[in-house]
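# what's the 3D shape of this:
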Amino acid sequence: MHWHEHPDGKGFWSVVGHAALTEINRDTERFSSETGGISIANHHEEEGGEGVDQRGLNMLYTDPPKHTRYRRLVSKGFTPRMIGLLEQYLTHRSIMIVDNVIERGECDFVDDLAAELPLQAIAEIMGVPQEDRKLLFDWTNTMIGMDDPDYDGDPRAAAMSMYAYSNDLAKKRAVDPQDDIITKLINAEIEGDRLNEFEIDMFMLLLSVAGNETTRTATTHGMMALLAHPEQLALLVSDFDKYMPTAVDEIVRWATPVMHFRRTATVDTEVAGAKIKAGDRIVMWHVSANRDETVWDDPFTFDITREDNPHIGFGAGGAHYCLGANLARMELKLIFTEILSRIPDLAMAGEPEILRSNFIAGVKSMPVTYTPGAKVNPEPYTKKPGEIINQ
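Below is the predicted model of the structure:
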């Protein structure tokens, strides 16, 4: 626990250890997501902030019992059974993604391989037509990349565009129900309680960002790590079934796509010897806690065989544990298996371009080359995910 002074006079606690971070993350009574939000800065107090004030509205920006109610209503679309039933569909999409580039002998790993599966999965789950997925890609890039000069769009405008798109989609589903999550959200009910229109729109915005950017980032950092550690790459390829489960968790630990989340102390309290005052900002550095020497042996070594890997890439447990963790794990398993089994000599063709951000460990571009291969050209997959889920 370290107090960080700030030029604006609004300092904050940096939480860098695994144990302290876990304690704070799980204690929603002493440490609030709703009071000040999840970003270091109080964007809701700033003129021209990056979007609408999401406190109390977006699930990330709520505390129990409000968060518990919200989570119960939206979790119906993210059960382990539902994710398992989607695997056949996403396996087909993985084949098509590699098919689209394999004859070229070169591509941008981020745009052409890492981004496509999570983007297509989220588009299908949400009920967004595949031809509109580029809209999601551009809007989420603008929202996440607001500190990067290469993204010169207006993050507030991007958020409002995403919000308006989701709102319009929900209205269409109200009169024409489909087998997708937005239809489920409209009709989700527990003991007479339902999500209101604004809550549905805010969850769709959250889903677009969280389900797209984070898995893309983990995929890219995972490939960078495997290429930098050829012995680990060879081990994984030697037996996907044996090593993929632990490899996926090591990739998430190594990448830590979301580098920090913030909480606000609701009372005077103490953590790890630090005297915290009510109202203090507390920034939990996941990227540091995932390399805590008291938790992992050789934490700066990339090791796909780690059996005991209590990483916090999906959160540190408790109320805010990632709803999409099972989906992300499955997507990583599928895309790495497809890429590495069909493109065995993939290599970097230039330095990756890193996103300028202290929030998302994003990679904007990573050129790669490989020996051109043949398409698989699988039979068209006509069954929609919703049909699989409801069978």
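# Count the neighbours of residue 228 for me.
Residue 228 is flanked by 11 other residues according to other C-beta atoms under 10 Å. (Each C-beta comes from the backbone N, C-alpha and C, glycine too.)
# typo on my end, residue 158
For residue 158, the neighbour count with other C-beta under 10 Å is 24.
# Equivalent analysis for residue 282, please.
For residue 282, using other C-beta under 10 Å, the count is 25.
# Would you quantify the distance from it to residue 30?
From residue 282 across to residue 30, the span is 10 Å (C-beta to C-beta, to the nearest Å).
# pLDDT weak spots in the protein?
Applying pLDDT under 70 to the chain picks out residues 43-54, 56-57, 76-77, 190-191, 381-391.
# all strands for it, in order.
Secondary structure of the chain, counting by DSSP state E: strands at 2-4, 12-15, 31-32, 106-108, 260-265, 269-271, 274-276, 281-285, 347-348, 353-354, 363-365, 367-369.
# do you know how far residue 111 is from residue 231?
Taking C-beta to C-beta as the measure, residue 111 and residue 231 are separated by 29 Å.
# Likewise for residue 31?
Remark: distance between residue 31 and residue 231 (C-beta to C-beta) = 41 Å.
# Tell me which of the two has more neighbours.
Shown here are residue 31 and residue 231; by other C-beta under 10 Å, residue 31 has more neighbours (25 against 10).
# roughly how far is stretch 179-196 from the heart of the chain?
Put simply, stretch 179-196 sits 23 Å off its chain's centre (C-alpha atoms, centre = their mean, to the nearest Å).
# Would you map the helices across the stretch 1-150 of the chain?
Ranges of helices within the stretch 1-150 of the chain are 18-26, 66-74, 80-85, 87-102, 116-126, 133-144, based on DSSP state H, counting those that start in this stretch.
# Just name the most buried of the ones you listed.
helix 116-126 (a mean of 24; mean count of other C-beta atoms under 10 Å).
# by contact count, what packs against it?
helix 87-102, helix 133-144, helix 181-187, helix 197-210, helix 213-228, helix 325-342 (3 or more C-beta pairs under 8 Å, 6 or more residues apart in numbering; DSSP states H and E).
# can we see that at 7 Å?
Helix 116-126 sits against helix 87-102, helix 133-144, helix 181-187, helix 197-210, helix 325-342, with contacts defined as 3 or more C-beta pairs under 7 Å, 6 or more residues apart in numbering; DSSP states H and E.
# Does residue 73 touch residue 188 like I think?
Yes - here residue 73 reaches residue 188: they are 4.7 Å apart, a contact under C-beta atoms under 7 Å.
# quick one: common contacting residues for the two?
Counting by C-beta atoms under 7 Å, 6 or more residues apart in numbering, the shared contacts of residue 73 and residue 188 are residue 195.
# re earlier: dump the helices and strands packed on helix 116-126 to CSV, plus distance to residue 358.
Output for the helices and strands packed on helix 116-126, formatted as CSV (distance: least, C-beta to C-beta, whole Å):
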stretch, distance to residue 358
helix 87-102, 30
helix 133-144, 12
helix 181-187, 31
helix 197-210, 16
helix 325-342, 22
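# Between residue 282 and residue 30, which contacts overlap?
residue 265.
# now residue 368: how far from residue 362?
17 Å.
# Could you tell me which residues make contact with the residue nearest to residue 24 when sequence neighbours are not counted?
Distance criterion C-beta to C-beta, 6 or more residues apart in numbering; nearest residue to residue 24, sequence neighbours excluded, is residue 31 at 4.9 Å. Shown in contact with residue 31 (C-beta under 7 Å, 6+ apart): 24, 263, 265-266, 282.
# hmm, which two among the residues you listed are most spread apart?
Farthest-apart pair in the contacts of residue 31 is 24 and 266; separation 11.7 Å (C-beta to C-beta).
# how about TSV for the helices of the stretch 1-150 of the chain, with distance to residue 195 added?
Formatted as TSV, these follow (distance: least, C-beta to C-beta, whole Å):
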stretch	distance to residue 195
helix 18-26	25
helix 66-74	5
helix 80-85	18
helix 87-102	26
helix 116-126	15
helix 133-144	21
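# Out of these, which is closest to residue 222?
Closest approach to residue 222 among those (C-beta to C-beta): helix 116-126, 12.7 Å.
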